[in-house]
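> output the structure for:
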Amino acid sequence: MKRIIFILLILGLVLLSCVPLPKVSNNPPPNIETNNPPTQPSNPSPNDRATNVSLNPTLSWDSSDPDGDTLTFDLYFGTDTTNLPLAATNLATNTYEPGKLDYSTTYYWKVVAKDSKGNTIIGPLWHFTTKDILKWKFFTGDNKCWSSPAIGLDGTVYFGCDFEKTDNGTTISGGNFYAMTPNGELKWKISISPMGYASAAIGKDGTVYVGTVGGLYAISPNGSIKWKISINTNYSSPSIGKDGTIYIGVYAINPDGSVKWKHYFKYENVFYTNPSIDSDGIIYIGGISESFYASLFAIDSNNSLKWSCETDNFGAIIRAHPSIGNCTIYFGAPDNYVYAINQSNGWLNWKFKTNGDVRLASPAIGTDGTIYVGSSDGYLYAIAYGTLKWKFKIKQNYSELSHMSNPAIDSNGVIYIGSTDGYLYAINPDGTLKWKYKTDSPIVSSPVIGTDGTLYIVSTEGYLYAFDTESEGVEDTPWPMFHHDAQHTGRSDYEGW
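Got it, this is the predicted structure:
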């Protein structure tokens, strides 16, 4: 049996040896197509962890394909890393504009690169933080800061503060006047009489005019006092005519400090108004009539009364700084009404009732003629030709609610106003809140906006704040802010010295 098996194995091997082996080809193997994924997105702009980033950034990154395939990108962008939303898909370029961002906010983003063959690669998670709305703040140490800053043509910021302190049981009060660089550095400081709510105005040669309880000061840009005249300003803020005449209270003062004229009123000692000047040189001031009604007066540059307009406010005075625009004079009164008076004859065009005292309310005028005015009822009102467009609630803390900040409008149409709740509010033109910033104390100062878009405002407890508005200055309107312009000339046709 074993012999048979052995013979069969031998026969099998012989048969296998007769089968020809396959020939080995000398030709190269066929091509097998391979595809590489794109390179991982890198080199982000803004840089990863960047700070102080613009509110309108353009995002960009680097990514390429080793095989030359066409790339597209998906981009995820937001503030929540746990649920980062897909902001754009199939981008054909390596850039993306997320739109207007918020101040002082950290944003996260990542990019997914895709080639035309279906390969993808996910980029790292990057983040950046936008710039702070607050540029700087300066502490004066004073505790009664109520006036609105004024800005010189060189960018110097001028403002005054009063103070009251107790020293060994004795109460000491006074005032200080400050000049600041646009970067927040103190240029100089001088002692003056208390200013109250009065704000400075700046003349053609850079002279700063300041009304105080002790009279009117003329201060050189270097901080030296040129002259002082002892007149009853009643805490009025000065305005400046085309010829350099300074109007304050019931006085017209020459640039050398001499009295040009004084307009005599029966109750002149209660004239707290800030004069406004139109393109014809007519001066508009508020006060009280001989019949003891709150009134507005129009006086020409030669001291002749052109007209007067009585309101229904008996025993009260108009303290607001009148605003001029669209052949109309706008002002607030103690009876809660905002008045619109015909500029040529003093007749009433319309009046609008708020729910609070507006005797200190000086309206700002928008490009479409909308009037923006704050009231002691805690609202900012938008009024179009006597009709309410909208109102925005601003909380109040003081019992003396009539001391309200007056609004300013930037080149984007955003309205800014301070409040006694300590916030500076930025309101969109449609009446919605854009942002608000909490300061250290109540604000009764009115904001001023410079040509570079920086907004300055003072808090009652002694801080000067500088904010970035992301604008190109004030809106081009007949009367965009308190005292018309950054130099506080109070003149409707002022476009710069």
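
> hmm, P38 is touching D65, no?
Yes. Applying C-beta atoms under 8 Å as the test, P38 and D65 come out as touching, 4.8 Å apart. For every residue, glycine as well, the C-beta is placed using N, CA and C.

> intersection of neighbour lists for these two?
Common contacts of P38 and D65, defined by C-beta atoms under 8 Å, 6 or more residues apart in numbering, comprise 71, 115.

> compare the two (neighbour count), which wins?
Counted by other C-beta atoms under 10 Å, P38 and D65 do not tie: P38 has more neighbours, with 22 against 19.

> tell me which helix or strand the more buried one sits in.
Assigned by DSSP states H and E, P38 falls within no helix or strand.

> contacting residues around it?
P38 makes contact with 63-66, 69, 71, 113-115, 119-121 under the criterion C-beta under 8 Å, 6+ apart.

> who wins for most neighbours among those residues?
If you count neighbours using other C-beta under 10 Å, the busiest of these is A113, which has 25 neighbours.

> can you list the weak-confidence ranges in the stretch 251-400 of the chain?
268-272, 396-400 (pLDDT under 70).

> change it to 90
Where the stretch 251-400 of the chain drops to pLDDT under 90, the residues are 264-274, 286-294, 312-321, 333-335, 356-361, 376-378, 394-400.

> quick one, strands of it?
For the stretch 251-400 of the chain, the strands defined by DSSP state E, counting those that start in this stretch cover 251-253, 259-262, 276-277, 283-288, 293-299, 305-314, 323-325, 328-332, 337-342, 348-353, 364-365, 371-374, 379-384, 387-393.

> tell me the angle the last one makes with strand 348-353.
To tie it back to what came earlier, the one meant is strand 387-393. Relative orientation of strand 387-393 versus strand 348-353 (axes from the mean of the first three to the mean of the last three C-alpha atoms, to 10 degrees): 30 degrees.

> report the buried residues of stretch 445-459.
Residues of stretch 445-459 classed as buried by neighbour count (16 or more other C-beta atoms under 10 Å): 445-450, 453-459.

> pull the CA atoms of that stretch into PDB?
In PDB, the C-alpha atoms belonging to stretch 445-459 read as follows (Å, rounded to 0.1, in the frame of the first residue of the first chain):
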ATOM      1  CA  SER A 445     -22.900 116.400  31.200                       C
ATOM      2  CA  SER A 446     -23.800 116.500  27.500                       C
ATOM      3  CA  PRO A 447     -21.500 114.500  25.200                       C
ATOM      4  CA  VAL A 448     -19.300 116.100  22.500                       C
ATOM      5  CA  ILE A 449     -18.000 114.300  19.500                       C
ATOM      6  CA  GLY A 450     -14.700 115.200  17.800                       C
ATOM      7  CA  THR A 451     -13.800 115.000  14.100                       C
ATOM      8  CA  ASP A 452     -12.100 111.600  14.700                       C
ATOM      9  CA  GLY A 453     -15.200 110.100  16.100                       C
ATOM     10  CA  THR A 454     -14.100 110.200  19.800                       C
ATOM     11  CA  LEU A 455     -16.900 111.100  22.200                       C
ATOM     12  CA  TYR A 456     -16.100 112.900  25.400                       C
ATOM     13  CA  ILE A 457     -18.300 113.100  28.500                       C
ATOM     14  CA  VAL A 458     -17.900 113.900  32.200                       C
ATOM     15  CA  SER A 459     -19.400 112.100  35.100                       C
END
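
> how many neighbouring residues does K393 have?
K393 has 12 neighbouring residues, counting by other C-beta under 10 Å.

> tell me who's in contact with it.
The contact partners of K393, by C-beta under 8 Å, 6+ apart, come to 378-379.

> what's the spacing between it and T432?
Here K393 is placed at a distance of 12 Å from T432 (C-beta to C-beta, to the nearest Å).

> which parts of stretch 487-497 are buried?
Buried, per 16+ other C-beta under 10 Å, within stretch 487-497: 487-492, 494.

> helices of the protein, start to end?
Using DSSP state H, the helices of the chain run over 2-17.

> thinking again about what came up before, could you export the strands of the stretch 251-400 of the chain to CSV, including columns for distance to A150?
Converted to CSV, the strands of the stretch 251-400 of the chain look like this (distance: least, C-beta to C-beta, whole Å):
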stretch, distance to A150
strand 251-253, 17
strand 259-262, 22
strand 276-277, 16
strand 283-288, 19
strand 293-299, 24
strand 305-314, 28
strand 323-325, 17
strand 328-332, 21
strand 337-342, 25
strand 348-353, 29
strand 364-365, 16
strand 371-374, 20
strand 379-384, 23
strand 387-393, 27
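
> K204 contacts W497, correct?
Yes. Shown here, K204 and W497 form a contact pair, counting by C-beta under 8 Å, at 4.1 Å.

> report the contact partners of the closest residue to K228 other than its chain neighbours.
Leaving aside its sequence neighbours, K228 sits nearest to Y217 (C-beta to C-beta, 6 or more residues apart in numbering; 5.1 Å). For Y217, the contacting residues are 177, 192, 208-211, 225, 227-228, by C-beta under 8 Å, 6+ apart.

> in strands, which of those appear?
177, 192, 208-211, 225, 227-228 (DSSP state E).

> buried subset of the residues you listed?
177, 192, 208-211, 228.

> which one of those sits closest to S295?
Lowest distance from S295 to these (C-beta to C-beta) belongs to G211, with 21.3 Å.

> wait, that closest one touches S230, no?
No. At 11.9 Å, G211 and S230 do not qualify as touching, with contact defined as C-beta under 8 Å.

> show me whatever sits in contact with both of those two.
Shared contacts of G211 and S230 (C-beta under 8 Å, 6+ apart): none.

> so where's the stretch 51-200 of the chain uncertain?
Those would be 100, 102-104, 141-144, 163-174, 195-198, if you go by pLDDT under 90 across the stretch 51-200 of the chain.

> before we move on, back to that, and the buried ones among the ones in strands among the contacts of Y217 as JSON lines, adding distance to T354?
Converted to JSON lines, those look like this (distance: C-beta to C-beta, whole Å):
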{"residue": "F177", "distance to T354": "34"}
{"residue": "I192", "distance to T354": "35"}
{"residue": "V208", "distance to T354": "34"}
{"residue": "Y209", "distance to T354": "32"}
{"residue": "V210", "distance to T354": "31"}
{"residue": "G211", "distance to T354": "28"}
{"residue": "K228", "distance to T354": "39"}
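
> list the contacts for P98?
Neighbour list for P98: 57, 59, 77, 87, 107 [criterion: C-beta under 8 Å, 6+ apart].

> ditto for G206
Counting by C-beta under 8 Å, 6+ apart, G206 touches 152-154, 220-221.
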